[in-house]
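Q: Mind folding the following:
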Amino acid sequence: KGKGKGKGALPAPGPAGLDLPLGTPLTAQFADGEWYKATVVQVRKKAPEVKVNYNGYDSSCDAWLGLDQLRSKLLPKGSGKGSQEASSGLPPVGSRCQAQYAPDSNYFPAEIVEVSTAKARAKAPIKVKMEMW
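A: As a prediction, the model looks like this:
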């Protein structure tokens with residue numbers, strides 16, 4: 001007993017109760033909205049966020065991503081915050097995105113802080129907090 005095949009080859013599990021070991025290969029969404037191959041570098045204890053390194057790039061391109069921006073068979077279905085919003089097609093609260101403060105302005109990093117499916121909010125159902133400075 002105790003000599004199972006391959007058990008020694010598995011990376012150590014990450015913190016925060018996520019069953020996503022460090023070094024796990026996965027697919028991650030980049031700032032341009034496209035999905036790229038990446039590797040788990042670190043897992044945050046407080047928030048369900050994972051730091052990934054995009055394959056072929058140095059550590060200066062590493063990014064903290066929400067679970068909704070990751071694809072892996074090791075992640076549970078509906079693992080991102082606000083899986084209720086996922087059924088409506090809206091992104092979950094806590095997701096990271098890029099937003100403009102005016103139609104002709106630059107894009108800035110932002111975080112989704114509120115999502116509404118109310119009819120009165122149909123034209124602007126998402127509220128974001130922008131990080132401009």
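Q: doesn't Val52 make contact with Tyr36?
A: No - judged on C-beta atoms under 8 Å, Tyr36 makes no contact with Val52 at a distance of 9.2 Å. For glycine as for every other residue, the C-beta is placed from the backbone atoms N, C-alpha and C.
Q: Shouldn't Asp68 be within a helix?
A: Yes - applying DSSP: H, G, I helix; E, B strand; the rest coil, one finds Asp68 inside a helix.
Q: Mind pulling up the pLDDT for it?
A: Note on Asp68: pLDDT of 86.
Q: now swap in Ser88 and tell me
A: Note for Ser88: predicted pLDDT of 66.
Q: next one: phi and psi at Ser105?
A: phi -90, psi 170 (degrees, to the nearest 10).
Q: The worst-scoring helix or strand of the chain on mean pLDDT: what's the following helix or strand?
A: The least trusted helix or strand in the chain, going by mean pLDDT, DSSP states H and E, turns out to be helix 83-86, with a mean of 45. Using DSSP states H and E, the helix or strand that follows helix 83-86 in sequence is strand 96-99.
Q: Whichever helix or strand comes after that following strand pairs with which strands?
A: Next helix or strand after strand 96-99 toward the C-terminus (DSSP H and E): strand 108-115. Next to strand 108-115 in the sheet, as set by DSSP bridges, lie strand 96-99 (antiparallel), strand 126-130 (antiparallel).
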